[in-house]
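[1] one predicted model, sequence on top.
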Amino acid sequence: MGLFNDYQCGTCGKSFTTWEARDNHVDSTGHQWPAFDCDTCSRCFGSETACFQHMDAMNHFEFVCCRCGDTWPDEEQLTQHQYDAHNYCEECNREFMNYNNLMQHLRSRVHQGQNIQCPFCKNCWATAAGLTHHLESGSCPSATGANRDTLYQFVRSKDTGGVFTKNLIGYHGSSKYEANDQSYNPYRGGYECYLCRRLFSSLHGLNQHLNSPIRKSLPILLAAEHDQQALYHCPNRGSCGKEFKSLAAIINHLESESCGFTRFEKVQRGIQNVVSGDKLIKF
């Protein structure tokens, strides 16, 4: 018999073809039972390695995948298997079309909660990108000086080596656009962007749009005027090197793990360090 079919004595290591023969040997010699038991069947082994080899070969580990029946040594490995092989969240009993959709679900407020607090208005966000966009877009009512340019100046002052900020010589800030009450279109019932014709319910919303670093569906002739300059680049210069117009965009890129530079959890911890304790962003 091979290793996986042998029943061993825990003291002398002698192997038997049946568990009854092994039991008779232990009873007659006063030897000890094997110290390592299979999680599923009645097999016992004299070493942890032999026991693991048996459970691996026979699919006898304790933790069972509810999608395919494969077994795993611990819950963490089972969960990762369900993510990788099935795009499946066992906690929510949901299967997703692809791995990216699953990761977006796992990083949503459903699983992450809203643990990242704005240091100014005290509202909370589920992701680092969410908090950054809140500040960068000028949406925080308690940080009137917070915007794309002030965040870039702050981050650039800390990133003197240019790991992920671009060294823009002569950069004096973004072009500013400001609409007034005359932008209200009574025929469409809202405030209309004079560049791309999008409609907004408030003047504040229109002005946020006009000064946003990311705009879509623009006429080609207006794109150069309506777009903002890229301020950041992915720190994974060797295999990625993408450029981004906003801090929120590069943080979202890093949180997605799409280029493999860092992990989502590390980005979350990093933004907590920036907005807590003695490292508060000042405006």
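    That came through, no problem. Numbers count the residues shown, from 1 in each chain.

[2] next, the buried residues of stretch 34-50.
    For stretch 34-50, the neighbour count (16 or more other Cβ atoms under 10 Å) marks 34, 36, 38, 43, 44, 45, 46, 50 as buried. Just so you know, the C-beta spots here come from the backbone N, C-alpha and C atoms, and that holds for glycine as well.

[3] ok, now stretch 235-247?
    For stretch 235-247, burial by neighbour count (16+ other Cβ under 10 Å) applies to 235, 236, 244, 245, 246, 247.

[4] quick one on the thing from earlier: let's have the buried residues of stretch 34-50 in CSV, adding distance to residue 60 and secondary structure.
    Formatted as CSV, those follow (distance: Cβ to Cβ, whole Å; DSSP: H, G, I helix; E, B strand; the rest coil):
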residue, distance to residue 60, secondary structure
34, 15, coil
36, 12, strand
38, 5, coil
43, 8, coil
44, 13, strand
45, 12, strand
46, 17, coil
50, 13, helix
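
[5] what is the most widely separated pair among those?
    Using Cβ to Cβ, these reach their maximum pairwise distance at 38 and 46, which is 12.9 Å.

[6] contact partners for residue 65?
    For residue 65, the contact set (Cβ atoms under 8 Å, 6 or more residues apart in numbering) comprises 71, 72, 78, 81, 82, 85, 86.

[7] whoops, I mixed them up, residue 85
    Contacts for residue 85 (Cβ under 8 Å, 6+ apart) come out as 65, 67, 68.

[8] in which helix or strand does it reside?
    Residue 85 belongs to helix 75-86 when assigned by DSSP states H and E.

[9] can I get that helix in CSV, CA atoms only?
    Provided in CSV are the C-alpha atoms of helix 75-86 (Å, rounded to 0.1, in the frame of the first residue of the first chain):
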residue,chain,number,x,y,z
GLU,A,75,-11.1,29.7,6.1
GLU,A,76,-8.8,32.3,4.6
GLN,A,77,-7.7,29.9,1.8
LEU,A,78,-11.3,28.9,1.2
THR,A,79,-12.4,32.5,0.9
GLN,A,80,-9.6,33.4,-1.5
HIS,A,81,-10.5,30.3,-3.6
GLN,A,82,-14.1,31.4,-3.8
TYR,A,83,-12.9,34.9,-4.9
ASP,A,84,-10.5,33.6,-7.5
ALA,A,85,-12.4,30.6,-8.9
HIS,A,86,-16.0,31.6,-8.6
